[in-house]
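Participant: Quick one: sequence plus predicted model below, questions after.
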Amino acid sequence: MGGKRVRIHTNFKPNKCCKRSFVGDVDDRISQLPDDILVDILSRLSLNEAGRTSVLSSRWTNLWKHTPYLNFDLGQTVLDKLYGQRKLFKREKRKYVKWVNSVTRSHKSLTLKEFKIRFALDKSARKAITRWLEFAFSRQVESLELDIKNNGDTSTNYCFPIELLIASKLQPPSDSVCIDHPRMLVDFKSLKELSFRSVQVGDAAIEFFLHNCLLLEKLIVHHSEKISKLEICGSSLKLKHLEIVYCFGLKSLKVSAPSLTSLKVTSLDGLLLENVPMLVDASVSCNDDSISIEHLFSLLSCCVSQLQTLCLALTRRNFRQEVNELFELPKMPKLKKLVIVYLARGYENLIRLASFIRASPYLVEFVLKVDLLLYW
C-alpha cells in the first residue's frame, strides 16, 4: 500500500500556550466561579457524586453541604438485590440510616428544594425517620417524599407522628398529642409537593397539610390503612395532582379542588367529585365486583366531558350486570388518550371495549393492557 510519508523532526517541541494546573491553582477557572453557581452545578449530581468533590481542594470541601437537593434514593436495582437477603439487608439498612444521619448533621443550607427518602425501612428506624422529617421541615422543604418499601407488610409501617405538627407555628390537628421533649421549629408553609408511600398517615394529618400548606400542589398517599374518611375541599386549594392509592381502610373520599388537573384513585367507595373544572387526567381502578361501568361513569359525571386522558383498570365482573350498558357510554369529546388495563381469564371477547372508543370521537391514542388470570 502506498501512502504519503511524513517526516518527524526529533527536535520538535510543542508551543507553550498556557500552564496546565491542578484544581485549586489560579488558572482553575471553575473553582473561581461564585459559590452559588458551584452549588447549582453540584445540585445536578447525585449526593454521592457531589460528596466526592470535597477531596478536590479546600475550596470544594464544604460546597456540597449547601446543595438544596437531598435525594437519598439508591435506585430500584439496589433494592431488588437486597430482596430475600436478610443479613445483607440488615447491614445495608444500617449503612443507609448512618448515611442519611451523617448528611443531615453536616448539611448547611438553610432551605431545601427537595428531600427524598427511598429505602426499605420499618419501625426499628422510627426515631431516625422522625428526625429526618424534623430536619426537612425545619429547612422549609418544598418537595418531600417518604417512600418506605415494606414488601406488603403494613404492620411494620412507619407511623407519621402527629405530634410533629405541634412543633409548627400553625394550628395542629384536633387529635394531636402533646410531647414532653423539645423539637426543632418546623415550617410547612413552603411545602409544594408531599408524598407518603408505605407510611401510616391518617385523615387529620393529611387535612392539616391541605389547610396549612397554602402552596401545596401535589399530594400522594400510597398504602396507608389509617385513612378512613378524607375530605380534600377548599376554594383556595392550589392542589393540582392527587393520588390516593391502595389505602384499603378508605371509606369515603370527597374532592372539591378548583385547580386539580390530575387524579388517581384505586377505591371508588364513597368517592364524590365536586368543583373540579380543571381535571383533565384521571386514573381509576374499578376492581370492586359491585361496581358497574354505569356506576363508574356516574362518579365521573362532573368531569367526564372535559377529560383528555383516562386510565381504567377493569375486570369482566364490571360488565356482568348490564350487558348493553357500554353502548350508552357518555361522550368524551376531549379525550385524546385512553388506557385500559383489563384483567381477563384468557377466553373473553374484548369487543365490548370498542364502545369506549366509539364514545371518544377525537381519540388519538388507545392502549390496551391485558393481564391474564389463572383463577377467577
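Facilitator: Sure, I can see it.

Participant: can you give me the strands in the stretch 51-200 of the chain?
Facilitator: Ranges of strands in the stretch 51-200 of the chain, per DSSP state E, counting those that start in this stretch, are 69-73, 114-119, 143-148, 158-159, 193-197, 199-200.

Participant: Keeping just the C-alphas, turn stretch 95-111 into PDB.
Facilitator: Extracted as PDB, the C-alpha positions of stretch 95-111 are listed here (Å, rounded to 0.1, in the frame of the first residue of the first chain):
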ATOM      1  CA  LYS A  95     -25.500   1.800  56.400                       C
ATOM      2  CA  TYR A  96     -28.400   3.700  54.800                       C
ATOM      3  CA  VAL A  97     -29.500   5.200  58.200                       C
ATOM      4  CA  LYS A  98     -26.000   6.100  59.000                       C
ATOM      5  CA  TRP A  99     -25.600   7.800  55.600                       C
ATOM      6  CA  VAL A 100     -28.700   9.900  56.000                       C
ATOM      7  CA  ASN A 101     -27.800  10.800  59.600                       C
ATOM      8  CA  SER A 102     -24.300  11.900  58.500                       C
ATOM      9  CA  VAL A 103     -25.600  14.100  55.700                       C
ATOM     10  CA  THR A 104     -28.400  15.800  57.700                       C
ATOM     11  CA  ARG A 105     -26.000  16.600  60.600                       C
ATOM     12  CA  SER A 106     -23.400  18.200  58.300                       C
ATOM     13  CA  HIS A 107     -25.800  19.900  55.900                       C
ATOM     14  CA  LYS A 108     -25.500  23.700  55.900                       C
ATOM     15  CA  SER A 109     -28.200  25.100  53.500                       C
ATOM     16  CA  LEU A 110     -30.900  27.000  55.300                       C
ATOM     17  CA  THR A 111     -33.600  25.800  52.800                       C
END
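
Participant: ok, residues contacting it?
Facilitator: With C-beta atoms under 8 Å, 6 or more residues apart in numbering as the test, stretch 95-111 has contacts from 47, 62, 65-68, 70, 72, 74, 117, 119, 121, 125, 128, 131-132, 135, 139-141, 190. All C-beta atoms are positioned from the backbone trio N, CA, C, and that covers glycine.

Participant: One more pass at 7 Å, please.
Facilitator: Applying C-beta atoms under 7 Å, 6 or more residues apart in numbering, the contact partners of stretch 95-111 are 47, 62, 65-68, 70, 72, 119, 125, 128, 132, 135, 139-140.

Participant: Kindly report the same for stretch 332-342.
Facilitator: 304-314, 353, 356, 359-371.
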